[in-house]
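S.K.: Fold the following and give me the result.
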Amino acid sequence: MFNGLILTSFAVLLILGFVLYCVIFKTQDAKFAFLNLFRHKRRSFSTIVAIIIGGVSIFLYGGFIDYSFWILKEQTVRTNIGHIQIYDQSYFETSNKNKSIIENYDTLKADILNDSQLSGYISTISGQLEFTGVVSQYESETSSYFSALGVEPLPALKLGSFDKLVSGSDLSRIKQDEITLGSGLAKTLNARYSDWLDVLVVNTHGGQGAQSFKLRGIFESGIKDYDDVAMKIPLQTAQSMMDTNGVSKFVILLKNDAELDVFSTKLETFISNKQLPLIVKNWKELSLFYQQVEGLLSGIYFFIKVIVVLIVIFMISNSMTMNIVERTREITTLRAIGLKPAHITKLFVLEGIFIGAIGAIGSLAIGFAIAGLINLNGIAMPPSPGQTQGYTAFIRTDNFDLIWITFVLPILTSSLASILPAIRASKLNISDAFKFV
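M.R.: This next block holds a predicted model:
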């Protein structure tokens, strides 16, 4: 995709350079080609309108999916996944996560934060301990399976910022005997704020651990399957129950997600130098749902761009062909007074470029205006597949790549579409003029 953007940009720069050359050194040719657009106002207007409609469609839909990708990425990253995760090498090879614990969590965390090559990129780093068990509500005589995360309360405010509290509050940084539950699990247990719950687990050594906790809050992530089993518990308490000083994974949130690849490389080098049995995964590798949505929307966007290109090529080719038929006498007269075929070709190509340029400018102007109106209230979107919460979508207009493609696509396609009719015009025989006398 990046190489395609470079080639497209290079082609458009050549076209704009050609136009600039004609304007400066061949002023009469540029003026003649531009004024010819007004000889058949209705045809030129309809062609430009078709280009603008296509360009605006590309701009608006591109801005919409760009925002959709952004919100889905933020939702993925900030539901306790982060930008980067560090695992033990055996993590993905066993279903028993108690066998893939990263030991000496505090020491390794301090080493990462003290490394000058890594610390500058990190916004938040936190360990998480995964475990499962049974939770019971004595008063309502209910119990249920749970999947818990032992988290550090303060970093969890950033890493779990997309978890919406529906009752109570987040984990306390002081009290170690309070937990929060997903809304589905709380409903199953018929548990409410300040209720006491009994938790039973099998620790990392095969023994049993049990403790009573006070329910501090109930949250919703928007993912029903997760909310039906989710529990958050202070990391120190989780480590005590599971009889370990380690964690299941490190979760790292970066200051700038554009530095993800650079940081991943440096982190892998750090792990390799210390000969640690760890692996690094980024958020996109861990989110199959994001990859599927990105592939689907990108495919639709590509299809729309192809349709717009075909419409523009058809409209320009049809308009230029009609111009040739109606201006046969003019073309052959120009040939008779000494204009070379290449000169005729240049005039018609310039007309196509001017039509494309007007369409491109119009597409951006109208696209920004419509996007501004839409963004006043946003677009109410239904929940994504597998989720329970909808969201309000907007049109992103700050993406340079989107602005650039909206500008260059009409110019490039108009230029290409005008080449064949222009060559055909240059090959007209001077004697053909007598047919129109």
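S.K.: use CA for all of it now, contacts and neighbours both
M.R.: Fine.
S.K.: The closest residue to Gly362 other than its chain neighbours and Ala365, how far apart?
M.R.: Distances taken as C-alpha to C-alpha, 6 or more residues apart in numbering place Ile52 nearest to Gly362, at 6.0 Å, with adjacent residues excluded. In this structure, Ile52 and Ala365 are separated by 10 Å, where distance is defined by C-alpha to C-alpha, to the nearest Å.
S.K.: Could you check which of the two has the larger neighbour count?
M.R.: For Ile52 versus Ala365, neighbours defined as other C-alpha atoms under 10 Å are more numerous around Ile52 (27 against 13).
S.K.: For that one, what is the enclosing helix or strand?
M.R.: Under the criterion DSSP states H and E, the helix or strand holding Ile52 is helix 41-77.
S.K.: For the helix or strand following that helix, name the packing helices and strands.
M.R.: With elements assigned by DSSP H and E, the helix or strand that comes after helix 41-77 is strand 84-88. Packing partners of strand 84-88 (3 or more C-alpha pairs under 8 Å, 6 or more residues apart in numbering; DSSP states H and E): strand 249-254, strand 278-282.
S.K.: so of the ones you listed, which one's packed in deepest?
M.R.: strand 249-254 (a mean of 23; mean count of other C-alpha atoms under 10 Å).
S.K.: Given the top strand by length along the chain, what are its sheet partners and their directions?
M.R.: For the chain, the longest strand by residue count, based on DSSP state E, is strand 122-137. According to DSSP bridges, strand 122-137 forms sheet pairs with strand 142-151 (antiparallel), strand 196-202 (antiparallel), strand 249-254 (antiparallel).
S.K.: picking up where we left off before, ok, the residue nearest to Gly362 - contacts?
M.R.: Applying C-alpha atoms under 8 Å, 6 or more residues apart in numbering, one finds that Ile52 lies in contact with 359-360, 362-363.
S.K.: Also Thr392?
M.R.: 378-381.
S.K.: Quick check: phi and psi at it.
M.R.: Backbone geometry at Thr392, expressed as degrees, to the nearest 10, gives phi -100, psi 120.
S.K.: ok, back up a step: pull out the buried positions in the longest strand of the chain.
M.R.: Within strand 122-137, the residues scored as buried using 16 or more other C-alpha atoms under 10 Å are 122, 124-133, 135-137.
S.K.: could you check the angle strand 84-88 makes with that strand?
M.R.: Comparing the axes of strand 122-137 and strand 84-88 via axes from the mean of the first three to the mean of the last three C-alpha atoms, to 10 degrees yields an angle of 60 degrees.
S.K.: Which residue comes closest to Ile353 once chain neighbours are left out?
M.R.: Using C-alpha to C-alpha, 6+ apart and skipping residues adjacent in sequence, the residue nearest Ile353 is Ser415, 5.2 Å away.
S.K.: hmm, I was thinking of Glu268
M.R.: In space, Glu268 comes closest to Val280 once its chain neighbours are excluded; the distance is 6.8 Å by C-alpha to C-alpha, 6+ apart.
S.K.: All good on my end, thank you.
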